[in-house]
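**Student:** The amino acid sequence is not available; the structure is as follows:
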């Protein structure tokens with residue numbers, strides 16, 4: 001209105017007030033204000049008359065650009081924030097931001113197969129460590145309270161000790177196996193490293209060399225323990241017992257302690273608050289390694305004191321393994337040695353019932369049941385986790401029941417009836433052990449997925465997957 005007033009001065013106004021002088025400009029400004037006094041300064045907002053159903057469906061374009069999973073995660077988080085949640089979506093709903101957020105996610109989980117592979121390895125590593133710790137605790141309890149007859153002491157201590165060490169070694173090896181198989185392309189091709197990998201390839205993926213050395217020391221320490229447990233089966237003189245039993249325990253315990261210290265450094269235990277499971281797992285493993293080392297040193301602890309220190313370390317290792325299962329429940333498959341796999345948030349495999357496509361999605365906590373469903377077996381509830389731990393306990397005690405029957409293998413000639421009775425107990429316990437581990441396997445395998453080509457890709461066929469995620 002100022003421009004209109006300045007371009008056409010009103011009639012009947014003296015020349016002194018017309019454009020060209022200061023008084024004329026002031027006059028025109030006042031007349032413009034009076035003319036627009038009753039007019040709105042802003043125009044009324046325009047509302048679209050088009051229905052939402054007329055808008056185009058961009059799902060296919062998002063899938064072509066490989067960001068459909070990130071869009072679904074962003075949408076769910078945004079809707080939670082709109083409903084009053086304290087946390088919402090991060091970043092803008094643009095292709096560039098979705099691609100940027102998905103770069104790290106794509107590195108570790110480019111396909112459903114890599115997801116199931118890391119999921120399975122993480123699960124069995126924690127389960128085996130739990131079973132090993134339970135068998136170690138049985139030996140300490142038996143020697144402290146002198147349970148059983150002297151004739152049964154051999155089968156009730158040395159055999160469970162070797163089996164517990166074997167379980168513990170298996171759990172540690174699985175952590176090493178996951179670390180040396182970080183190459184997702186080799187996993188998709190079912191080409192695995194079993195003993196070694198290129199250290200440069202590990203560091204190139206953003207993994208600290210401390211993780212590599214820590215996992216290697218864990219594995220070497222477990223091998224020293226296994227050597228001592230096998231040697232303890234034989235009657236050795238004091239010199240050879242010191243070389244093949246005592247010193248391997250000391251060296252293995254020291255390596256466990258050193259690995260635990262590296263875990264605490266990797267997870268910033270000394271500079272961060274204890275707000276994550278991995279923080280506590282690193283602390284538990286560090287303390288457990290220290291007690292294993294000190295309890296094996298006769299110059300530090302002897303007799304009952306060494307047993308108490310060793311039991312406290314075994315209990316902390318057991319608690320750390322249970323917390324590893326809690327991390328597995330939260331889709332944190334890196335343990336304490338691969339923190340990069342724990343920073344990806346909540347990972348899920350979602351399947352659209354309309355298109356039957358499976359997508360790997362990061363940071364999805366609440367899913368729209370009408371539009372998508374879990375392509376993998378549902379996330380483990382807290383009650384399911386408790387039952388899972390109970391099954392681990394049952395498996396360990398069934399192994400002990402099998403060991404008690406080994407003392408009666410010589411009754412075949414002296415008392416055949418007694419031999420048959422204990423043989424029946426042994427076979428029953430062995431079958432129970434197999435059943436328990438089959439139930440545990442059902443919690444780690446992928447039941448059915450509707451994708452074989454990976455996340456955000458169409459045209460995949462339905463397939464059964466093995467426990468290593470092979471479609």
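**Tutor:** That came through, no problem. Keep in mind the model is a prediction, meaning the values are calculated, not measured.

**Student:** thinking residue 391 is in contact with residue 440, fair?
**Tutor:** Yes. Using C-beta atoms under 8 Å, residue 391 makes contact with residue 440 at a distance of 5.9 Å. The C-beta positions use only the backbone N, C-alpha and C, and glycine is treated the same way.

**Student:** Please point out which parts of stretch 175-186 sit buried.
**Tutor:** Buried positions in stretch 175-186, judged by neighbour count with 16 or more other C-beta atoms under 10 Å: 175-184.

**Student:** What mean pLDDT does that stretch get?
**Tutor:** In this model, stretch 175-186 carries a mean pLDDT of 91.

**Student:** who's in contact with that stretch?
**Tutor:** Stretch 175-186 is contacted by residues 107-111, 114, 117-118, 121-122, 125, 187, 192-197, 201-202, 205, 207, 211-212, 215-216, 218-219, 333, 335, 337-338 when judged by C-beta atoms under 8 Å, 6 or more residues apart in numbering.

**Student:** Would you map the strands across the protein?
**Tutor:** 347-351, 358-362, 373-374, 448-449, 463-464 (DSSP state E).

**Student:** show me what contacts the closest residue to residue 249 other than its chain neighbours?
**Tutor:** The shortest distance from residue 249 to any non-neighbouring residue, by C-beta to C-beta, 6 or more residues apart in numbering, is to residue 296 (4.0 Å). Remark: with contacts taken as C-beta under 8 Å, 6+ apart, residue 296 is in contact with 246, 249-250, 252-253, 306.

**Student:** The lengthiest helix in the chain - contacts with which helices or strands?
**Tutor:** The helix that spans the most residues within the chain, counting by DSSP state H, is helix 112-145. Packing partners of helix 112-145 (3 or more C-beta pairs under 8 Å, 6 or more residues apart in numbering; DSSP states H and E): helix 153-179, helix 184-188, helix 303-329, strand 347-351, strand 358-362, helix 382-405.

**Student:** OK, contacts around the closest residue in space to residue 202 that isn't next to it in sequence?
**Tutor:** Excluding the flanking residues, the one nearest residue 202 by C-beta to C-beta, 6+ apart is residue 212, at 5.5 Å. Taking C-beta under 8 Å, 6+ apart, we find residue 212 in contact with 179, 199, 202-203.

**Student:** cool, residue 225 as well?
**Tutor:** Taking C-beta under 8 Å, 6+ apart as the test, what residue 225 contacts is 165, 168-169, 248-249, 252.

**Student:** So which of the helices and strands packed on helix 112-145 is the most surrounded?
**Tutor:** Ranked by mean neighbour count under mean count of other C-beta atoms under 10 Å, those are led by strand 358-362, which reaches a mean of 25.

**Student:** same question for it, mean pLDDT?
**Tutor:** Averaging pLDDT along strand 358-362 gives 55.

**Student:** And stretch 443-457, by the same measure?
**Tutor:** For stretch 443-457, the mean confidence score works out to 45.

**Student:** now do stretch 261-272
**Tutor:** 94.

**Student:** how long is stretch 240-252 end to end?
**Tutor:** Terminal residues of stretch 240-252 are spaced 17 Å apart (C-alpha to C-alpha, to the nearest Å).

**Student:** what about this protein, any weak spots by pLDDT?
**Tutor:** In the predicted model, the chain carries pLDDT under 70 at residues 1-54, 62-74, 76-78, 80-105, 146-151, 344-380, 409-413, 445-471.

**Student:** go again using 50 as the cut-off
**Tutor:** Scanning the chain for pLDDT under 50 picks out the ranges 1-20, 29, 33-34, 36-43, 363-378, 446-471.

**Student:** quick one on the thing from earlier: can you pull the buried residues of the longest helix of the chain?
**Tutor:** Within helix 112-145, the residues scored as buried using 16+ other C-beta under 10 Å are 112-140, 142.

**Student:** Dump the helices and strands packed on helix 112-145 to TSV, plus distance to residue 58.
**Tutor:** As requested, these are exported to TSV (distance: least, C-beta to C-beta, whole Å):
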stretch	distance to residue 58
helix 153-179	37
helix 184-188	28
helix 303-329	34
strand 347-351	18
strand 358-362	15
helix 382-405	37
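
**Student:** Nearest to residue 242, out of these?
**Tutor:** helix 303-329 (15.7 Å; C-beta to C-beta).

**Student:** now the closest one against helix 153-179, angle please.
**Tutor:** 40 degrees (axes from the mean of the first three to the mean of the last three C-alpha atoms, to 10 degrees).

**Student:** pretty sure residue 161 is touching residue 138, no?
**Tutor:** No. Using C-beta under 8 Å, residue 161 is not in contact with residue 138, being 9.2 Å away.

**Student:** Just the closest of the contacts of residue 225 to residue 279, please.
**Tutor:** Checking those against residue 279 by C-beta to C-beta gives residue 168 as the nearest, at 22.4 Å.

**Student:** What separation do you get for the nearest residue to that closest one once chain neighbours are set aside and residue 206?
**Tutor:** Residue nearest to residue 168 in three dimensions, not counting chain neighbours: residue 132, with 3.3 Å by C-beta to C-beta, 6+ apart. Applying C-beta to C-beta, to the nearest Å, the value for residue 132 to residue 206 is 31 Å.

**Student:** I appreciate the help and will end here.
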